[in-house]
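Undergrad: Just need the structure, nothing else, for what follows:
(chains A, B, C and D)
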There are 4 protein chains.
Amino acid sequence: MANFGDLQNEIYLAGLSGVLPTLPMSFAELERRAELAMPPGTWSYVAGGAGDEHTQRGNRAAFDHWALQPRMLRASTERDLSVELFGTRRPTPIFLSPIGVLGICGQDGHGDLAAARAAATTGVPMVASTLSQDPLEEVAAQFGDTPGYFQLYCPTDPEVAASLVGRAEAAGYGAIVVTLDTWVTGWRPRDLATANFPQLRGRCLANYFSDPVFRSRLAKPPEEDPNTAILTWAMMFGRPLTWDDLGWLRSLSTLPIVLKGICHPDDARRAADAGVDGIYVSNHGGRQANGGLAAIDCLAEVAAAVPGVPLLFDSGVRSGTDVVKALALGATAVGIGRPYVYGAALGGTDGIVHVLRTILAEADLLMAVDGYPAVADLGPDSIRRC
Amino acid sequence: MANFGDLQNEIYLAGLSGVLPTLPMSFAELERRAELAMPPGTWSYVAGGAGDEHTQRGNRAAFDHWALQPRMLRASTERDLSVELFGTRRPTPIFLSPIGVLGICGQDGHGDLAAARAAATTGVPMVASTLSQDPLEEVAAQFGDTPGYFQLYCPTDPEVAASLVGRAEAAGYGAIVVTLDTWVTGWRPRDLATANFPQLRGRCLANYFSDPVFRSRLAKPPEEDPNTAILTWAMMFGRPLTWDDLGWLRSLSTLPIVLKGICHPDDARRAADAGVDGIYVSNHGGRQANGGLAAIDCLAEVAAAVPGVPLLFDSGVRSGTDVVKALALGATAVGIGRPYVYGAALGGTDGIVHVLRTILAEADLLMAVDGYPAVADLGPDSIRRC
Amino acid sequence: MANFGDLQNEIYLAGLSGVLPTLPMSFAELERRAELAMPPGTWSYVAGGAGDEHTQRGNRAAFDHWALQPRMLRASTERDLSVELFGTRRPTPIFLSPIGVLGICGQDGHGDLAAARAAATTGVPMVASTLSQDPLEEVAAQFGDTPGYFQLYCPTDPEVAASLVGRAEAAGYGAIVVTLDTWVTGWRPRDLATANFPQLRGRCLANYFSDPVFRSRLAKPPEEDPNTAILTWAMMFGRPLTWDDLGWLRSLSTLPIVLKGICHPDDARRAADAGVDGIYVSNHGGRQANGGLAAIDCLAEVAAAVPGVPLLFDSGVRSGTDVVKALALGATAVGIGRPYVYGAALGGTDGIVHVLRTILAEADLLMAVDGYPAVADLGPDSIRRC
Amino acid sequence: MANFGDLQNEIYLAGLSGVLPTLPMSFAELERRAELAMPPGTWSYVAGGAGDEHTQRGNRAAFDHWALQPRMLRASTERDLSVELFGTRRPTPIFLSPIGVLGICGQDGHGDLAAARAAATTGVPMVASTLSQDPLEEVAAQFGDTPGYFQLYCPTDPEVAASLVGRAEAAGYGAIVVTLDTWVTGWRPRDLATANFPQLRGRCLANYFSDPVFRSRLAKPPEEDPNTAILTWAMMFGRPLTWDDLGWLRSLSTLPIVLKGICHPDDARRAADAGVDGIYVSNHGGRQANGGLAAIDCLAEVAAAVPGVPLLFDSGVRSGTDVVKALALGATAVGIGRPYVYGAALGGTDGIVHVLRTILAEADLLMAVDGYPAVADLGPDSIRRC
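TA: Predicted structure coming up:
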């Protein structure tokens, strides 16, 4: 059985033949090169966040306040990074976070497909965004054997919402991830300064434009009158869901329902009591609400509040070290966001695969060195606040 | 009903037609551009503070130690940002802090009038400074339907003080805001290095020069002998008020009295016991006393000490996120200072309106995303020290 | 009665006539300009410290962890900055810290005399260093009505020590300040890199070379054989005093004895029990022992340990704000070190006077604004850890 | 008896004759110059660490959270820096940490020999790395009267392991230091980016290539077929030891066994219970596992957990101040790593000796000034968290 960390041997051995990695080996370099590779507006949209971006920076900084505990002389020769997710065993504890603007980040304008192919290659599941450049069915067609999950921005038109969820179930998605914190867009100074909001320019609306119910709301199809279609989209984009809507959401499919954006333990408890299938701790990478706690700090509190509930997590994860910390703090699986977008910008599917492999390799080697042979060995005893 | 946050839609939609914002969308850019736009001496006067400016910087940094608590699945589609202030309902929870040098910051040398017009446009009340480039009556004449409040630097000549307060009441001001911490000017190295104190050059003394009692103290009117008038002003500028003076202050008008500059809970309790109508927590933006606690930290303590007392707050507020935090920590209304001065420097009335609208939009969207539909929903449960 | 803070009026009024300050108004600028004005080796010697200078930087940073409490509506129109020191009333709560290399920092090579003249002008007492460029008698001759104190580096030759103390008493010094932490020189990389130690080049040894007992130890007088004199000095420079030596020290004169360099409360208690007349909390500005607590933090602990004992303090004081904090934390009087050396480098006696006046003005205005009319009003209630 | 701190007198006196130090006097300058002096790949290998190097930086930063307590008036004229280590008295409390790549860092490609000669010169013991450019016997031949210890990367082939240990015992090494945290290499982005791993290029494998058992595993000797030899080495490099292996390790020789890489108090207790002769607290300078606690913080906890057990320590030590802090926190002896490698790069044996002498001088003078005449006087009372 191979370990993810074997990637380093591969790289060093290739180096003996003069073959050097062409893609970045650190997030710092990845970010630097992605900024150069992406169109400025797209870069700002992806790299930016809400307000003065303090929460976005805080998401990163907070990881440094958590210290893993190295343990010696434990048998960690082979590592098991697999996790149980929605009733299936996944070979890795990470997933691709939903990224609305992903379509225009890939090199060919089809970033969603590139990510789906990377999911197929690596076994890392993709949470496909509602705001996709390609219809969810075409995205799913690239998944191979890897499961995918569908992220829902719930439209105000309940029949469009039902249609999207129904299509996701039909296309084989394994769960519905309902984003709670984005029925309205956060205040993002970088985008406002250039008045740049890609969706309003028709980007990443394929799921709507391909949706029969959505199309039925239009006098003319989007192909003929895109502006009206975009405006219709904008008007119905975000339904501010309440606790009362959970029953209705459940009624839309037989799929597991995951609530994304929960950061407060009381909300987590209430969601668990309401029987959701998973809680996704996230502050949207600092893109929606500035001024809040770092997401990794919320994770620790939520995990303590709802033991046993599957917990997805993202916001601020940049490396394998971050992944291991989030797992130790209670995440069932850990979402990778901006790093893989940057990978897409630098190398399409290969770039995403590269980023995922380096993150997994770092996590794997860290668990090896620190004496944690399996994800199940990570827990409160393996991490501490410092 | 429109929300303040709709501004972002307006901007993004304008962007589709190629119309980009000409004024800054972030405080960082606002500050940068204002420095370039303002005369160096004026810039230093406004941007500088007391001593090594540690308290001024600390005012900003301390906001980062307070984290708002995002709550999901709550009905916050429409927000109510209105607050009750001195018996009237105001549509927004912010106000324009008194700025002594404001007159020379506006593009036409009449910054006070520009701010008053912005108050009229936005419904954001202005606390008009005693140190105004235009007489308080002319400032008030620009307020439209928006109430205004009069900030008093209490002169040592009690009859001049009485005259100023009486004029403010006659001109329709709705409260007297008595500044406690500036009967003497703080030690400000930037201004000392250039020996620049605008008032001594006759700036912003219109309220005195137009005052009949003040004029009666002069042998010749200020128009004929400005130097003596300035010197007379300087000699009578600041009366160091004590607790014993509160009764006298009260006797000067029927208006509510607000004490500005209180940072210690014991002082707040004593003021409340003395029956003041409001307490204004502020360290003067770090311009008067260096070496003290950040103002936002004082707010939390004062709010706990005098529950139920109207609390105005300023010092360090730069964004809508800051506004929401201050409200959650107990402010009844939150004062905007330097940001609107910079707005005035960049765009006069329009610049101030722009700054206020962006701050309100950010606050509004933050409350939307974080699940707080109204100011009344913000409180100790919605914020925590971190 | 004039307040020290009136200096700001003086500066602003002079500015109206076009007269700008020629000397720096902030420590940051003072330091910048002094570096340019001083010979590199002298600059490094003064500005540098022990090890990687973490303690030196920490001395500064720690002031920011203490917050003064502004109190309003208190009668602080006139301030009383006087303190009782060794039985006499001093008009200010500051003093000139002993500076060994001072002689070569003044513009004419007689920095000790420049400082003594500044003491005469300002009423700020000077603690004259044993390592003086001019004999202690000549330094004392410049003091005017201001008392002076003599800092003793205790030689290993007890008769030389006795001679120095006897001369100090005869010359009218009011106390002996015995430095405990410098019988050996700390590890100072900046000086080591250039192998620069001014005393070994014959600088600042006038007290020895003029001393009859010291001279009696030499075969030839220093004027004829300076190298042997220097070597003799180096051999007898520092006696590592112990608790057992206090009685002997006391026997050398009738003057009050102050122990300089005490940072630990247990040492302070033992010193108080031994009957010393004062304790001088200082870590030598970070020049001797790296890796220790910031001096201002030690002050708070020592003050609590030995209530009632006169406490001198220095290390890290750069401004009037620092002075007020140190007073609030228990210092009887606060020593100014590097700032006045930089003043000497930029302007000789006038430069020192300028620096002292700005520090006093800032302290005075801060006490005015913060509502503390007298040094006696400062105490544990006026400051807090933050 | 001479003190280590006399080095400063030596430097200052030499300066009088115009002789300036040619090697750096501070770590900051040492690092700067070493970067310029070393080949880029070697520099990155030595200076870099695991992941984003947060733990590596944290190792340094954590020293600043510990403050030594200066005590005055104690007899510290002569210092005793000697410590008891493995039954012998060593004149200094420091040692040379094992450095795998040391061979190629020295100026002549024989850094291990240079370090061994520096050990002979200074009396500072060297922990010689398994990954040596010269066979352990040749290294030991340079030790003079200074003892040496052998660091073991335990091969998966037990007979090779036994052979290495046996050779070390035969060559006169005084202890076996078994590295626990490096049976697999950590994720090091700097090296991965250039695919540079010196050992895979045949560097520092002399102990294997000279080993009869290792050679018996090869069809052709390394001199004839180096690639196969390297590959064979890589395949057997690291055995992931477990607690069950301690008995076997013990059986390999009569030498004391030290476990290197223990950071958790529970592991320390278990090791002590298992009867190891010493515990080496280290996180490998941040080169193996990112995301953990700073090593100096681990030291404090381990020391409390296993009183009486000899404790070696390294990771982050750059100066004499660091050495004294580690001793106060419980280290029996303190390892110097990167500083001496940089010394080797700048000056070979002389460079290493210089670095060691400056570190010892700083430690010695700090103990003198702070009133701790001997290592035994350092302990919990002499340091505190701040």
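
Undergrad: from here on, contacts and neighbour counts on C-alpha atoms
TA: Fine.

Undergrad: Surely residue A:302 is in contact with residue A:270?
TA: No. With contact defined as C-alpha atoms under 8 Å, residue A:302 does not count as touching residue A:270 (11.3 Å).

Undergrad: More neighbours: which of the two?
TA: Between residue A:302 and residue A:270, counted using other C-alpha atoms under 10 Å in any protein chain shown, residue A:302 has the larger neighbour count: 27 against 13.

Undergrad: Return the list of helices and strands in contact with the strand or helix carrying that one.
TA: For residue A:302, the element it lies in under DSSP states H and E is helix A:295-305. Under the contact definition 3 or more C-alpha pairs under 8 Å, 6 or more residues apart in numbering or on different chains; DSSP states H and E, helix A:295-305 sits against helix A:54-63, helix A:265-273, strand A:278-281.

Undergrad: let's see 10 Å
TA: helix A:54-63, helix A:265-273, strand A:278-281, strand A:311-313, helix A:320-328 (3 or more C-alpha pairs under 10 Å, 6 or more residues apart in numbering or on different chains; DSSP states H and E).

Undergrad: Contact partners for the residue of the stretch 251-386 of chain A found nearest chain C?
TA: At 19.5 Å from chain C, residue A:386 is the closest residue in the stretch 251-386 of chain A, using C-alpha to the nearest C-alpha. Taking C-alpha atoms under 10 Å, 6 or more residues apart in numbering or on different chains, we find residue A:386 in contact with A:64, A:65, A:66, A:67, A:68, D:292, D:293, D:294, D:297.

Undergrad: between the residues you listed, which is closest to chain B?
TA: residue A:65 (12.0 Å).

Undergrad: Pretty sure the closest one sits against residue D:293.
TA: Yes. The criterion here is C-alpha atoms under 10 Å, and residue A:65 meets it with residue D:293 at 9.4 Å.

Undergrad: Near residue A:163, how many other residues are there?
TA: Other residues close to residue A:163 by other C-alpha under 10 Å number 17.

Undergrad: what does residue A:125 give?
TA: For residue A:125, using other C-alpha under 10 Å, the count is 27.

Undergrad: try residue A:88
TA: Residue A:88 has 10 nearby residues by other C-alpha under 10 Å.

Undergrad: how close does it sit to chain C?
TA: Going from residue A:88 to chain C by C-alpha to the nearest C-alpha, to the nearest Å gives 51 Å.

Undergrad: quick one on the thing from earlier: next, show the common contact partners of residue A:65 and residue D:293.
TA: What both residue A:65 and residue D:293 touch, as defined by C-alpha under 10 Å, 6+ apart, is the set A:384, A:385, A:386.

Undergrad: can you put those residues in JSON lines and add pLDDT?
TA: As requested, the shared contacts of residue A:65 and residue D:293 are exported to JSON lines (pLDDT from 0 to 100):
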{"residue": "A:384", "pLDDT": "97"}
{"residue": "A:385", "pLDDT": "97"}
{"residue": "A:386", "pLDDT": "94"}
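
Undergrad: can you list these in JSON lines and add secondary structure and distance to residue A:330?
TA: Output for these, formatted as JSON lines (DSSP: H, G, I helix; E, B strand; the rest coil; distance: C-alpha to C-alpha, whole Å):
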{"residue": "A:384", "secondary structure": "strand", "distance to residue A:330": "13"}
{"residue": "A:385", "secondary structure": "strand", "distance to residue A:330": "14"}
{"residue": "A:386", "secondary structure": "coil", "distance to residue A:330": "17"}
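
Undergrad: Quick check: of those, which lies closest to chain D?
TA: residue A:386 (7.4 Å).

Undergrad: if we can go back for a sec, report the inter-axis angle for the helix holding residue A:302 versus helix A:320-328.
TA: 20 degrees (axes from the mean of the first three to the mean of the last three C-alpha atoms, to 10 degrees).

Undergrad: Work out the gap between helix A:295-305 and the centre of the chain.
TA: 18 Å (C-alpha atoms, centre = their mean, to the nearest Å).

Undergrad: Pull out the buried residues from it.
TA: Across helix A:295-305, burial judged by 16 or more other C-alpha atoms under 10 Å in any protein chain shown covers A:295, A:296, A:297, A:298, A:299, A:300, A:301, A:302, A:303, A:305.

Undergrad: As TSV, those residues with pLDDT would be great.
TA: Listed next are those as TSV, based on pLDDT from 0 to 100:
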residue	pLDDT
A:295	98
A:296	98
A:297	98
A:298	98
A:299	98
A:300	95
A:301	97
A:302	98
A:303	98
A:305	98
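
Undergrad: Just send those residues back as TSV, with distance to residue D:253 too.
TA: Shown next, in TSV, are these (distance: C-alpha to C-alpha, whole Å):
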residue	distance to residue D:253
A:295	52
A:296	48
A:297	49
A:298	52
A:299	49
A:300	47
A:301	50
A:302	52
A:303	49
A:305	53
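
Undergrad: pLDDT on stretch A:74-89, on average?
TA: Average pLDDT, stretch A:74-89: 95.

Undergrad: how long is that stretch end to end?
TA: Start-to-end span of stretch A:74-89 (C-alpha to C-alpha, to the nearest Å) is 25 Å.

Undergrad: Give me the neighbour count for the residue of the stretch 1-150 of chain A at minimum distance from chain D.
TA: With C-alpha to the nearest C-alpha, the shortest gap between the stretch 1-150 of chain A and chain D falls at residue A:73, namely 3.9 Å. The tally of other residues near residue A:73 (other C-alpha under 10 Å) stands at 22.

Undergrad: How about the one 10 residues further on?
TA: Neighbour count of residue A:83, defined by other C-alpha under 10 Å: 19.

Undergrad: higher neighbour count, residue A:65 and residue D:293?
TA: residue D:293 (29 against 14).

Undergrad: give the contact list for the more buried one.
TA: Counted by C-alpha under 10 Å, 6+ apart, residue D:293 has contacts A:64-70, A:383-386, D:54-56, D:58-59, D:62, D:263-264, D:283, D:286.

Undergrad: can you check residue A:186 too?
TA: So residue A:186 contacts A:49-51, A:286-290, B:5, B:8, B:361-362, B:364-366, B:368-369 (C-alpha under 10 Å, 6+ apart).

Undergrad: got it, and residue A:158?
TA: A:164, A:236, A:239, A:248, A:249, A:252.

Undergrad: make it 7 Å
TA: For residue A:158, no contacting residues are found, by C-alpha atoms under 7 Å, 6 or more residues apart in numbering or on different chains.

Undergrad: Can you give me the pLDDT of it?
TA: On pLDDT, residue A:158 comes in at 98.

Undergrad: what's the neighbour count on residue A:205?
TA: Around residue A:205 there are 24 residues (other C-alpha under 10 Å).

Undergrad: what does the stretch 1-150 of chain A have sitting close to chain D?
TA: Neighbours of chain D within the stretch 1-150 of chain A, by C-alpha under 7 Å from any C-alpha of the partner chain: A:11-12, A:15, A:20-21, A:24-26, A:67-75, A:77.
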